[in-house]
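Participant: fold the following and give me the result.
(chains A, B, C and D)
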Number of protein chains: 2
Amino acid sequence: MENYGEYFRALRESKQLTLREVEKATDVSNAYLSQLESGKIKQPSPLTLHKLAEFYGVAYELLMEKVGYPTPKKAERVRHSNSVAYRIGEISEDEEVELLNYLKFIRSRKK
Amino acid sequence: MENYGEYFRALRESKQLTLREVEKATDVSNAYLSQLESGKIKQPSPLTLHKLAEFYGVAYELLMEKVGYPTPKKAERVRHSNSVAYRIGEISEDEEVELLNYLKFIRSRKK
DNA sequence: TTGCATTGCTAAGTATTGCAAGCAAAGATA
DNA sequence: TATCTTTGCTTGCAATACTTAGCAATGCAA
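Facilitator: Residues are numbered from 1 along each chain as shown, chains lettered A, B, ... in the order given. Below is the predicted model:
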């Protein structure tokens, strides 16, 4: 993915967190998070990605892949990539239904 | 592992290769390989490790571990892929960001 | 021996990560 | 309104990956 900054921003905002809240929880500075979300960072280190993955509840491997690092065993990973939790973090069942409806809307609109 | 420089050197010498031969095959400069093998490099990038892993015929993940990068815990991976309740199906990366933004909206509304 | 190639290595330079400090705008509170 | 706080962001800096250029030692052929 080229513009994964947007993705990190969406991840944080979907949880209604400020940069400083994420900083507190992950020990990644708000300054750096800001740069990361605005696309100024090419490849954050694996350690940084790991902290963010843990905190946001998404798979570390996914983030590694998103920023363009080589990942082991692509075939195996494909199985996991369909899970929404894998991609956007934990959601409640109610939220899942809402997302499904919204997804339907998105797709009907784009067609 | 602390002294993985020795490990890389052993890997190369066991195959009777010169620094420049490895350079040719992996596009990692002989200068850097030398520094790497003498313990002057703290954490070579994942890309570099990947090239070396491929060429030396060892597991990429092993090298990642050796230099101290976090590695995906298998339990984690399983947890993500098993959260059956959240299985929605394949979505594109664009849709993913849209869903995250919508999730943000949902959550702000409920608050 | 003399000349040339090969070897590992160092020095110096570029690019990038990640941080601390601090700024401007907006929000809250008096 | 005036003051304090919160928010995202920018700037300047240190650390470090990685390269190019080149050096000293060794080997090897004439």
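Participant: which residues of chain A lie near DNA strand C?
Facilitator: Contacts of chain A with DNA strand C, taken as Cβ under 7 Å from any atom of the strand, map to A:27-32, A:35, A:40-45, A:47-48. From N, CA and C alone the C-beta is placed, and that goes for glycine too.
Participant: and chain B, which of those residues contact it?
Facilitator: Near chain B, judged by Cβ under 8 Å from any Cβ of the partner chain, the entries from the residues of chain A next to DNA strand C are A:Q43, A:S45, A:L47.
Participant: return only those of these found close to DNA strand D.
Facilitator: Counting by Cβ under 7 Å from any atom of the strand, no member of these reaches DNA strand D.
Participant: are any of those residues buried, and if so which?
Facilitator: By neighbour count, with 16 or more other Cβ atoms under 10 Å in any protein chain shown, these hold A:S45 as buried.
Participant: from the ones next to chain B among the residues of chain A next to DNA strand C, pick the one nearest A:N101.
Facilitator: Minimum distance to A:N101 across these is 36.2 Å, recorded for A:Q43 (Cβ to Cβ).
Participant: tell me the contacts of the nearest residue to that closest one once chain neighbours are set aside?
Facilitator: Residue nearest to A:Q43 in three dimensions, not counting chain neighbours: A:V67, with 5.2 Å by Cβ to Cβ, 6 or more residues apart in numbering or on different chains. A:V67 makes contacts with A:M1, A:Y4, A:K42, A:Q43, A:P44, A:L49, as judged by Cβ atoms under 8 Å, 6 or more residues apart in numbering or on different chains.
Participant: so how far is A:L103 from A:V67?
Facilitator: Computed with Cβ to Cβ, to the nearest Å, the distance linking A:V67 and A:L103 is 25 Å.
Participant: and what of A:S38?
Facilitator: Distance, A:S38 to A:L103, using Cβ to Cβ: 27 Å.
Participant: more neighbours: which of the two?
Facilitator: Neighbours per residue (other Cβ atoms under 10 Å in any protein chain shown) separate A:S38 from A:L103, with A:L103 holding more: 18 against 12.
Participant: what are the phi and psi values for the more buried one?
Facilitator: Per-residue torsions, A:L103: phi -60, psi -40 (degrees, to the nearest 10).
Participant: mind checking pLDDT for it?
Facilitator: pLDDT recorded at A:L103 is 80.
Participant: pretty sure it contacts B:L103?
Facilitator: No. A:L103 is beyond contact range of B:L103, at 11.4 Å (criterion: Cβ atoms under 8 Å).
Participant: quick one: low-confidence parts of chain A?
Facilitator: When residues are selected by pLDDT under 70, those of chain A lie in A:1, A:74-83, A:85, A:110-111.
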